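> For reference, the sequence and a predicted model appear below.
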Amino acid sequence: MNLVIVESPAKARTIEGYLGGDFHVLSSYGHIRDLPPKKLGINIEKDYKPEYHILSKARANISILKKALINADKIYLATDYDREGEAIAWHLTKALGSNIKNYLRITFTEITKNAITKSINKPRKIDMNLVDAQQARRILDRLVGYKLSPFLWKKVTRGLSAGRVQSVAVRLIVEKEREIENFKSDEYWEIIANLIKKGDNNIIKAKLSAISDKRINKLEIKNKKNADKIKKELLGSTYKISDIKDKERQIYPPAPYRTATLQQDAARRLRFTAKKTMFIAQKLYEGVDLGEGKRTGLITYMRTDSTNLSNESIQKARKYIKQDLGEKYLPEKANIHLTKNKGAQEAHEAIRPTNPKLQPQKIKNNLARDEFRLYQLIWQRMIASQCASARISDKIVEIIAKKYGFITKGRTINFDGFLSIYNLGFKDALLPKLVKGEKLHLKKLDLEQKFTQPPSRYSEASLVRELEKRGIGRPSTYAPIMSTIEDRQYVKKIDGYFHPIEIGTLVNDVLVEHFPEVVDYNFTAHMEEDLDRIANGKLKWIQVIDEFYKPFSKHLQIKDKTLKKEDISQKSTGRKCPECKKGEIIIKMGRYGSFYACSNYPECKYKEKIEKHEVVSEKSKKLQKKAEVILKKNQKCKKCQADMAIRTSRYGVFLGCTNYPKCRNIISIEDESALFCPKCKKGRVVKRFTRKGKVFWGCSSYPKCDFASWTQPQENNKFETRNPKSETNQNDKNRNV
C-alpha cells in the first residue's frame with residue numbers, strides 16, 4: 001500500500017478517486033508545525049534557529065498519519081505547488097519521523113488523472129531552497145511582529161500589532177486618505193451641443209473641444225461667466241461637419257488569469273473579496289462532485305504570478321474554439337501572453353480550466369452559485385485568451401461653428417472576436433450617416449458645471465494592483481493582507497473602499513517616522529526579491545535575516561529609550577479636570593480611538609468621549625433611519641421601563657436599553673436586503689462574530705432559530721453549516737483559507 005499525504009480532505013478525496021486501490025490518501029489539514037504562539041521562538045544568538053512545535057489542532061491527526069506510515073511501501077507528499085506547500089511537506093517529515101529519504105515529493109498544477117499519474121511516476125526530493133524561503137518569510141514576520149508590537153503597546157496603547165507587509169498596505173491606505181483630504185477641487189464647465197441632421201430627429205451630442213483651431217484642456221472654461229459668453233456667441237451659429245475620421249483598430253485578447261488579476265476581476269465583476277475569491281478557487285481546484293460520486297478538479301493551481309499556458313491546454317482551447325465558435329474565431333497561431341510582472345515564476349501556469357470541454361453551463365447544477373460564477377469567469381478568460389482579436393471602427397466627427405470646434409465619437413464592432421466569450425464592456429455607439437460639409441441644426445446648448453474629483457480610495461482590487469505594481473507581497477499573500485488589516489481594525493471597508501481608522505493612522509505615523517525601514521516601499525519589495533533569490537538557491541536565508549535584524553534591533557533599542565508615550569499618544573487641552581480639580585484633561589489614544597481623560601490617572605479615572613464625524617456605509621444609513629422609526633414606537637424598555645436608545649456595534653445597528661448593563665434588553669434592526677433564513681424562513685441572515693472574532697452568518701431570530709453558516713448564504717446557493725461555538729472546522733484546518 002502506498003500513502004499519499006495532502007493538505008485538504010477535499011483534495012484527498014479527489015486524488016484517491018484517480019489513484020485506485022493501491023493508494024491511500026490522507027490529509028494533514030494544512031500546517032502541522034509552527035513557531036510557538038506565546039513567545040518569540042527564534043534563537044537570535046544561534047543563526048536565528050526557529051523553535052517549531054506541533055500545533056494543538058494537529059496532534060490527533062499526526063497520530064493517525066503515523067499509524068498509516070507503518071504499512072506504507074512508499075510515502076508521497078503531495079502538498080501544494082508553492083513555497084508554503086514545500087514547507088508543509090518538510091514539516092511533515094519532521095513531525096512524522098523516519099528517514100527523509102523515505103519521503104517522495106510530488107507536485108502538480110491541476111488535480112486531474114493525467115497530472116496525478118505523471119507526478120507519481122516522477123517524484124523528487126524536497127526542495128530545501130523553497131523551504132528556506134518560506135522559513136525566512138515566517139521568521140522575518142515573527143521578528144517584526146514580536147519586536148515592534150510590544151513597543152507599540154508601551155508607546156501607544158495595548159493590543160496593537162505591526163506586520164512587515166500589512167503595515168505597508170496600511171501606509172498606502174493612509175497616504176491615499178491624506179491625498180484626498182488635501183485635494184483642492186477646481187471648477188470647470190463643459191459645453192454640449194445637441195444637434196440633429198435634416199430629416200432625422202436623433203440627437204447627436206457634440207462636446208466643445210477647440211477654440212480658434214486650438215484644442216482646449218478640461219479646465220479651460222473656469223466659470224459660468226465664461227461659459228455663458230461662449231454660449232451667447234454660439235447661438236444662431238451654423239454648425240457644419242468639417243472632418244470625419246474612420247479608424248479601425250484591433251483589441252487583443254487579455255491574458256489568462258494570474259492570482260492578482262483574478263482577485264481584481266472577481267472584485268469588479270462579482271463583488272467578491274480577495275479572501276472569498278481564494279476560498280472558492282480552492283474548492284474548484286481541489287475538486288467538485290459532478291455526479292455519480294466522482295470528484296473532478298476544475299481549475300489549475302490558483303496561486304500563481306504567471307500567464308503561461310501548457311501546450312496541451314492551448315491545443316484543447318483551440319480545438320474548442322474551432323468546433324464551437326467557428327474557424328473565424330481561431331487565430332492562425334496560438335496567442336502567447338508574456339508575463340509583465342517582475343519576478344514572476346515563469347515555470348508556473350496561469351489559472352485555467354483543467355478541461356475546456358467542461359463548459360460552465362453544462363455543470364451549473366453541480367456547483368454552488370458563487371462556484372459557478374467564479375468558474376465561468378476563469379473559463380471565459382482562458383478561452384478568450386486564445387481567440388482572435390476583435391476589430392473595432394472608431395468614428396470621430398469634427399464640427400465647426402464660427403471659431404469653435406466640437407467633436408463627437410461613435411463606435412462599431414466590425415468583428416467581436418474574443419469579445420463573444422469575454423466582454424470588456426465594448427458595445428456599438430452608432431452615429432447616423434454623416435457627410436463631410438453637411439450642415440447640422442442646433443436643438444439646444446447644455447452648459448454642465450463640473451469639478452475635478454479627488455483620487456479614489458483603494459478597493460480590494462485596486463489595492464492588490466498597487467501592491468503587485470510595487471512588488472510588495474506575492475500571490476499567496478494578497479488575500480491575507482486584506483483580511484489582516486481589517487481584523488486588526490486599522491482600516492474599515494465602507495461601500496467597498498478602505499478607510500483608515502484613527503488608531504491605524506496613528507500606528508502608521510509612528511512606524512513611518514521612527515521605523516521608516518520597516519514600512520519603506522522599496523525595502524519591502526527588495527525583501528520579496530531576496531526571498532525569491534533564496535528560493536532559487538542564490539542567497540542564504542540566514543544572511544538575509546541578519547542584514548535586516550541587526551540594524552533593526554539596535555534602532556529599536558534606541559527608540560525604546562528615547563521615545564516617551566506622552567510624545568506619541570497624548571495631547572494637552574489646557575482644561576482642568578472637572579472631577580478631581582487637580583489634573584489636566586488630555587487627549588489619550590486607546591485601542592478604539594482617542595478620548596478625553598484626566599492626567600491624574602489612576603487616582604482620577606475621569607473619561608469623556610470625543611465626538612467624531614464617522615463615515616458610514618449607505619447600508620448603515622438605511623438601518624439607522626429604520627432604527628429611528630422603530631424607536632418612536634418603542635421608546636421605553638419592555639423589561640425595566642427605562643428609555644431605549646439607538647446603539648451601534650460590530651454586529652450592526654440596534655436599539656438598546658439605557659439601563660445597560662443592569663438591563664440587557666435589545667431590539668435588533670433587520671436588514672431588509674438580507675436573505676430570509678433558510679431554516680426558519682422568518683428571520684434574516686445577518687453577519688455575526690464568534691468570541692474570537694471569526695465571522696459567520698446566523699439567523700436574526702436567534703435564539704429562537706439556531707441557523708449558522710461559515711459561508712454567506714445566497715439565493716439558490718449551497719452553504720456549509722457549522723457550529724460557530726466550536727471555533728473549529730475544515731476551513732480553519734486548511735491553511736489556504
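Looks like it came in fine.

> Which secondary structure state is assigned to the residue found closest to residue 274 once you drop the neighbours it is linked to in the chain?
Spatial nearest neighbour of residue 274, excluding adjacent residues (C-beta to C-beta, 6 or more residues apart in numbering): residue 479 at 4.1 Å. Any C-beta I mention is one placed from the backbone N, CA and C, and that applies to glycine too. Secondary structure, DSSP: H, G, I helix; E, B strand; the rest coil: residue 479 is helix.

> Check residue 149 too.
Three-state assignment for residue 149 (three-state DSSP): helix.

> Check for me that residue 293 belongs to a strand.
No - under three-state DSSP, residue 293 sits outside any strand and is assigned coil.

> And for it, the neighbour number?
As a burial measure, residue 293 scores 8 neighbours (other C-beta atoms under 10 Å).

> Next one, pLDDT for it please.
On the pLDDT scale, residue 293 is placed at 74.

> part of a helix, is residue 682?
No - assigned with three-state DSSP, residue 682 falls outside any helix and is coil.

> That one - nearest residue in space that isn't next to it in sequence?
Per C-beta to C-beta, 6+ apart, closest to residue 682 is residue 701, 6.0 Å.

> who's in contact with that neighbour?
Under the criterion of C-beta atoms under 8 Å, 6 or more residues apart in numbering, the neighbours of residue 701 are 677, 680, 682-683.

> Now with 6 Å, please.
680, 682-683 (C-beta atoms under 6 Å, 6 or more residues apart in numbering).

> Can you tell me which of the residues you listed is closest to residue 230?
Distance to residue 230, by C-beta to C-beta, is smallest for residue 683 among those, at 59.9 Å.

> Look at the closest residue to the closest one other than its chain neighbours and report its pLDDT.
Spatial nearest neighbour of residue 683, excluding adjacent residues (C-beta to C-beta, 6+ apart): residue 701 at 3.3 Å. On the pLDDT scale, residue 701 is placed at 79.

> So residue 701 belongs to a helix, correct?
No - under three-state DSSP, residue 701 sits outside any helix and is assigned coil.

> Just say helix, strand or coil for residue 511.
Under the three-state scheme (three-state DSSP), residue 511 adopts helix.

> residues in contact with the nearest residue to it once chain neighbours are set aside?
Counting by C-beta to C-beta, 6+ apart, residue 519 is the residue found nearest to residue 511 once chain neighbours are left out, at 4.9 Å. Each residue near residue 519 by C-beta under 6 Å, 6+ apart is listed here: 167-168, 171, 511-512.

> For the residues you listed, work out which two are farthest apart.
The largest separation in the contacts of residue 519, counting by C-beta to C-beta, is between 168 and 512 at 10.3 Å.

> When these two are compared, which one has more neighbours?
Between residue 168 and residue 512, counted using other C-beta under 10 Å, residue 168 has the larger neighbour count: 23 against 16.

> what residues does the helix or strand harbouring the more buried one touch?
Per DSSP states H and E, residue 168 falls inside helix 166-181. Contacts to helix 166-181, defined as C-beta under 6 Å, 6+ apart, come from residues 454-455, 457-458, 472, 481, 484-485, 490-491, 498, 500, 504-505, 508, 511, 519, 524.

> List buried members of these by neighbour count.
Burial by neighbour count, judged by 16 or more other C-beta atoms under 10 Å, picks out 457-458, 472, 481, 484-485, 490-491, 498, 500, 504-505, 508, 511, 519, 524 from those.

> what about the helices in the stretch 551-700 of the chain?
Remark: helices assigned in the stretch 551-700 of the chain by DSSP state H, counting those that start in this stretch are 565-569, 618-633.

> Out of those, which gets nearest to residue 359?
Between those, helix 618-633 lies closest to residue 359; by C-beta to C-beta that is 35.9 Å.

> helices or strands up against the closest one?
strand 652-657 (3 or more C-beta pairs under 6 Å, 6 or more residues apart in numbering; DSSP states H and E).

> partners of the strand it packs on, with directions?
Looking at strand 652-657 with DSSP bridges, its partner strands are strand 644-649 (antiparallel), strand 666-668 (antiparallel).

> Just the angle for it relative to helix 618-633, thanks.
Strand 652-657 runs at 20 degrees relative to helix 618-633, counting by axes from the mean of the first three to the mean of the last three C-alpha atoms, to 10 degrees.

> List every C-alpha atom in strand 652-657, with coordinates, as PDB.
The C-alpha trace of strand 652-657 is given here as PDB (Å, rounded to 0.1, in the frame of the first residue of the first chain):
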ATOM      1  CA  GLY A 652     -24.700  46.500  13.300                       C
ATOM      2  CA  VAL A 653     -27.400  48.900  14.400                       C
ATOM      3  CA  PHE A 654     -29.800  48.000  17.200                       C
ATOM      4  CA  LEU A 655     -32.000  49.500  20.000                       C
ATOM      5  CA  GLY A 656     -30.500  49.000  23.500                       C
ATOM      6  CA  CYS A 657     -31.800  49.800  27.000                       C
END
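
> Report the distance from that strand to the chain centre.
Its chain's C-alpha centre and that of strand 652-657 lie 30 Å apart, by C-alpha atoms, centre = their mean, to the nearest Å.

> can you tell me how far the residue nearest in space to the middle of the chain sits from residue 262?
Most central in the chain under C-alpha atoms, centre = their mean is residue 274, positioned 3.1 Å from the mean C-alpha point. The gap separating residue 274 from residue 262 is 9 Å, by C-beta to C-beta, to the nearest Å.

> Top of the contacts of residue 701 by number of neighbours, please.
Neighbour-wise, those (other C-beta under 10 Å) top out at residue 683, 20 neighbours.

> wait, doesn't that residue sit right on residue 674?
No - between residue 683 and residue 674 no contact is recorded; they are 9.2 Å apart, counting by C-beta atoms under 6 Å.

> give me the low-pLDDT residue ranges for this structure?
Scanning the chain for pLDDT under 70 picks out the ranges 99-100, 340-347, 612-619, 650-651, 670-673, 691-693, 714-737.

> returning to that earlier point: what residues are up against the residue nearest to the centre of the chain?
By C-beta under 6 Å, 6+ apart, the neighbours of residue 274 are 263, 460, 478-479, 482.
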